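[1] Need coordinates for the below:
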Amino acid sequence: MSIIGTMAQSLQTALGAALDGIGRRTGVIRRQRKFTGSALFNMVVLTLMKDPNAKTEDFVARATQLGVQVTPQAVEKRFTPELITFLRAGLEHVLEQALVAEPAAIPLLERFTAVEVGDSTTITLPEDYAEEFPGCGGKSDSGQAAVKLQVGWELRTGTLTQLEVEPGRASDAQSAAAQAPVLPGALSIRDLGYFGLKRFQALSAAGAYWITRWQPGTAVFDTEGRPLRLLAYVQQQAGAKPLDRPILLGAAERLPCRLIVLRVPQEMADRRRQKLYQKAQKHGRVPSQEQLDWCDWTLLVTNCPLELLTWKEVVVLYRVRWQIELMFKLWKSHNHLAAARETWTAVERMAVFWAKLIGVILQHSLLLMSTWSNPRRSHWKAAGLIRDWIVSLTGALRDRDRLIAILEEMTAAISAVANQKLQQKSPSTFQLLLDPELLNWNC
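    Got it, this is the predicted structure:
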């Protein structure tokens, strides 16, 4: 079956009859009068995919398209605590139907059985939900309730391998996502929030690879076990090419790995110092000279051997981690995942959050279907086109052949316009993945 045929089947399963049973089980559907579970689910989710700031009449219009004649008052009455429970259960159902695309033809990624980037993003919730989802607080008691989305993204097939919804104050390093097992031969890339020597030890023992930045304060030794005074050591490399050398990491663990030292351009170092001063000022402090000195350097550590990756390839792959940040930005800026109308009640805001979260999962599958085979893909452009096709997709959900035809037309439109431009001066991520030698690290 083609990927478009698979997507059509996945959509019909994810948005189909199974939701009727979930609706009855969660109590959102007690006596079927007009809404079935699937009709209610699709009305809420697809309306918000089409317009994240949808008004009541937009939900009414989508219900009509789904064959349900309702009044605006009937729609408003559906935003209940039971709807929240239903949508949370529906999210689990949709995740089970997530699409897996064929790996993109990128030789650098093909050296690994999987390449997973992981990170989290936090979304503020109504304070009514602070007991279940405590946040970190903040000025004017903002953030008393929040969720943290822990997401794992496999970059060969595009699959979202993890989606954990945790309290906003939960630690990244202690999350279930950070402790999840990784396949032998896979590469894990996460930022300093997940830095943990025991985690690296477990990955290495499982035959997996990892790349991370060096965590300041972590002990570093040469291969003979002699401690390195790291700041003084890297400062001796001033003006030299990037340094790539074997080390032992951790005072007790002594993990064999590589240290890659890069002196950053002066403009970047100055921006880092400015941010450091701003952060210290908020807490009534002044940054130390050592902190300021470290702004000149980027230090990466990895257990990938030299015969597997050059230093440029390590840098390119670590930079790929920013793709998940861009995905979060897409979810928040395009899908308005963190936004809510001031006039909505706490229950309405919570229901809309879960519906939008389901929507970004469906959108991600549609992106995989339509763009993943193209290394030049632009998810931002593609997501805009997907929004334009929501009405057509909604009308075709019950007809497999028609749905496939709509998906084919949408994919053709996306293929025609949703591409990144080639950049000569500052090659984009997809250009660097295809040719890491394009990386220009001049200070």
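[2] When you work out contacts or count neighbours from here on, use the C-alpha atoms and nothing else.
    Will do.
[3] Have a look at this protein and report its longest helix.
    Scanning the chain for the longest helix, with DSSP state H as the assignment, gives helix 346-371.
[4] Now do the buried residues in stretch 263-273.
    Arg263, Val264, Ala269, Arg272, Arg273 (16 or more other CA atoms under 10 Å).
[5] so where is this structure shaky, pLDDT-wise?
    With pLDDT under 70 as the threshold, the chain has low-confidence stretches at 32, 138-142, 238-240, 442-443.
[6] all strands for it, in order.
    Remark: strands assigned in the chain by DSSP state E are 115-124, 146-154, 160-167, 187-190, 209-213, 220-221, 243-249, 255-263, 297-302.
[7] which residues touch the nearest residue to Arg156 once chain neighbours are set aside?
    Nearest residue to Arg156, sequence neighbours excluded (CA to CA, 6 or more residues apart in numbering): Pro103, at 4.8 Å. Shown in contact with Pro103 (CA atoms under 8 Å, 6 or more residues apart in numbering): Arg156, Thr157, Gly158, Trp372, Ser373.
[8] Now render these as CSV, adding neighbour count and distance to Val115.
    As requested, these are arranged in CSV below (neighbours: other CA atoms under 10 Å; distance: CA to CA, whole Å):
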residue, neighbour count, distance to Val115
Arg156, 22, 6
Thr157, 19, 9
Gly158, 23, 10
Trp372, 24, 15
Ser373, 18, 16
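[9] now, among these, which is nearest to Lys279?
    Lys279 has its nearest neighbour among those in Gly158, at 35.1 Å by CA to CA.
[10] I'd like the distance between Asn303 and Trp210.
    For Asn303, the distance to Trp210 equals 6 Å [CA to CA, to the nearest Å].
[11] Who are the contact partners of Phe133?
    Applying CA under 8 Å, 6+ apart, one finds that Phe133 lies in contact with Ala145, Ala146, Val147, Glu166, Pro167, Gly168.
[12] The third one touches Thr124, doesn't it?
    Which is Val147. Yes. Counting by CA atoms under 8 Å, Val147 does reach Thr124; the two are 6.6 Å apart.
[13] if you count what's nearby, which of those two comes out ahead?
    A direct count of neighbours by other CA atoms under 10 Å for Val147 and Thr124 places Val147 higher, at 25 against 21.
[14] Look up how far Glu127 lies from the closest residue to that one other than its chain neighbours.
    The spatial neighbour of Val147 that comes closest, neighbours along the chain excluded (CA to CA, 6+ apart), is Gly168 at 4.3 Å. Computed with CA to CA, the distance linking Gly168 and Glu127 is 12 Å.
[15] Now the common contact residues for these two.
    Residues within reach of Gly168 and of Glu127 at once, by CA under 8 Å, 6+ apart, are Ala145.
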